[in-house]
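Q: sequence isn't available, so here's the structure alone:
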């Protein structure tokens, strides 16, 4: 009996949370016009969400690309196919690693910061104070952060892939002397603009939506105590990572599952 | 002043990321040869396409001049109907041009090689290439070879 009660309780809790977060998302989306009519709010958030994540993404992208280059040459040379290195590096970056790894890093860097910030605002009753002043905190505080995340992550994912391709070039061509011409030309002939690059961008747009939504909701929904904030921050990172990987599988199955 | 520097940094961030996107589009993918100069479609029937895929390259003299637009089965003739989309720049293909399915390298992708004919009429939109050569199927070649050599033994 006890077991069923626990199962029932947790599934009801989950459904209630899903419902609250959907209502939360809807009220953010109604703040769209408000956000874009006050670009200063958006620019400030673009700075703290996008610009401060820039170096993290650029450097991680470089190293991921270089590792791909080294491992690619190591594996491909057993088949004498080092000249296909460009395809391997670019396809894995543009299709999977770019969107997924940049979203994971973004959840760790920007998502957790958003949760902690919103959670602390709630704990110190700044959000309630705004409501007292007839300012809707969902529009003034939450919506600009949501759209800043929504804009930043696809841009950062593109940056990650581009820097990664250059990193693969550094490792493969400059260090391990794969032919530079075949690196680029094989890449260009194999990577399709629509099938690979646009699909990668679509993926990162969906991840941006997921991560910003989860991070802001966990902050808004946090228990107004210090322990509550720390638990909410953990939940943001864990749930975002889980959602990103789950949706990555679903999107990959939809995009590339046919052939 | 503080607000201004934030604006500058955000501007730099956005423009750098968009540059990265352009880099991906132009340097990494085939976006640059997507520029559509218009194209025309011709049809070719093949007995066996041997794993040709749509979007495979159509080349003449080793130079890509178009792509395979569509491959379907023709229930009237029991053969494969392949639509080739050829770049409009190359609109002076003799109408007795022949098409064959070839493989790039030993294990590479299948592509269609066109060999020009000698007529003075040119292929138009919707024309059919009459002279075609199917893909070589390795198993068939091997079995032919085996049968031939066993015949010789007798």
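A: Thanks, I have it. Note that the coordinates shown come from a computational prediction; the quantities given were computed from them, not determined experimentally. Residues are numbered from 1 along each chain as shown, chains lettered A, B, ... in the order given.
Q: which positions in stretch A:111-128 come out as buried?
A: Buried positions in stretch A:111-128, judged by neighbour count with 16 or more other C-beta atoms under 10 Å in any protein chain shown: A:111-119, A:121-123, A:127. All C-beta atoms are positioned from the backbone trio N, CA, C, and that covers glycine.
Q: measure the residue most central in space within chain B to residue B:125 for me?
A: Nearest to the centroid of the C-alpha atoms of chain B, with distances taken as C-alpha atoms, centre = their mean, sits residue B:57, at 1.9 Å. For residue B:57, the distance to residue B:125 (C-beta to C-beta, to the nearest Å) stands at 20 Å.
Q: enumerate every residue touching residue B:68.
A: B:52-58, B:82-85, B:112 (C-beta atoms under 8 Å, 6 or more residues apart in numbering or on different chains).
Q: tell me who's in contact with residue 24.
A: Because you didn't say which chain, this covers chain A. Each residue near residue A:24 by C-beta under 8 Å, 6+ apart is listed here: A:138, A:216-217, A:220-221.
Q: wrong one, chain B
A: Here residue B:24 is in contact with A:94, A:158, A:161-162, A:165, A:197 (C-beta under 8 Å, 6+ apart).
Q: cool, and residue B:46?
A: B:52, B:79-80, B:82, B:99, B:101, B:132, B:134-135.
Q: with pLDDT, neighbour count and distance to chain A as new columns, can those residues be given to me in JSON lines?
A: Converted to JSON lines, the contacts of residue B:46 look like this (pLDDT from 0 to 100; neighbours: other C-beta atoms under 10 Å in any protein chain shown; distance: C-beta to the nearest C-beta, whole Å):
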{"residue": "B:52", "pLDDT": "82", "neighbour count": "21", "distance to chain A": "14"}
{"residue": "B:79", "pLDDT": "88", "neighbour count": "17", "distance to chain A": "23"}
{"residue": "B:80", "pLDDT": "89", "neighbour count": "21", "distance to chain A": "18"}
{"residue": "B:82", "pLDDT": "90", "neighbour count": "26", "distance to chain A": "18"}
{"residue": "B:99", "pLDDT": "89", "neighbour count": "22", "distance to chain A": "21"}
{"residue": "B:101", "pLDDT": "88", "neighbour count": "25", "distance to chain A": "19"}
{"residue": "B:132", "pLDDT": "85", "neighbour count": "18", "distance to chain A": "25"}
{"residue": "B:134", "pLDDT": "82", "neighbour count": "17", "distance to chain A": "23"}
{"residue": "B:135", "pLDDT": "80", "neighbour count": "20", "distance to chain A": "19"}
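Q: if we can go back for a sec, can you pull up the bridge partners for the residue nearest to the centre of chain B?
A: Taking DSSP bridges, one obtains residue B:67 as the residues bridged to residue B:57.
Q: and residue B:41, how many residues sit next to it?
A: 16 (other C-beta atoms under 10 Å in any protein chain shown).
Q: with the one 10 residues further on instead?
A: Under the neighbour criterion other C-beta under 10 Å, residue B:51 is assigned a count of 12.
Q: which parts of the stretch 1-150 of chain A sit against chain B?
A: For the stretch 1-150 of chain A, the residues in contact with chain B (C-beta under 8 Å from any C-beta of the partner chain) are A:40, A:43-44, A:46-47, A:50-51, A:54, A:90, A:94.
Q: now a PyMOL select for only the buried ones of those residues.
A: To isolate the buried ones among these in PyMOL, judged by 16+ other C-beta under 10 Å, type:
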select buried, chain A and resi 43+44+46+47+50+51+54+90+94
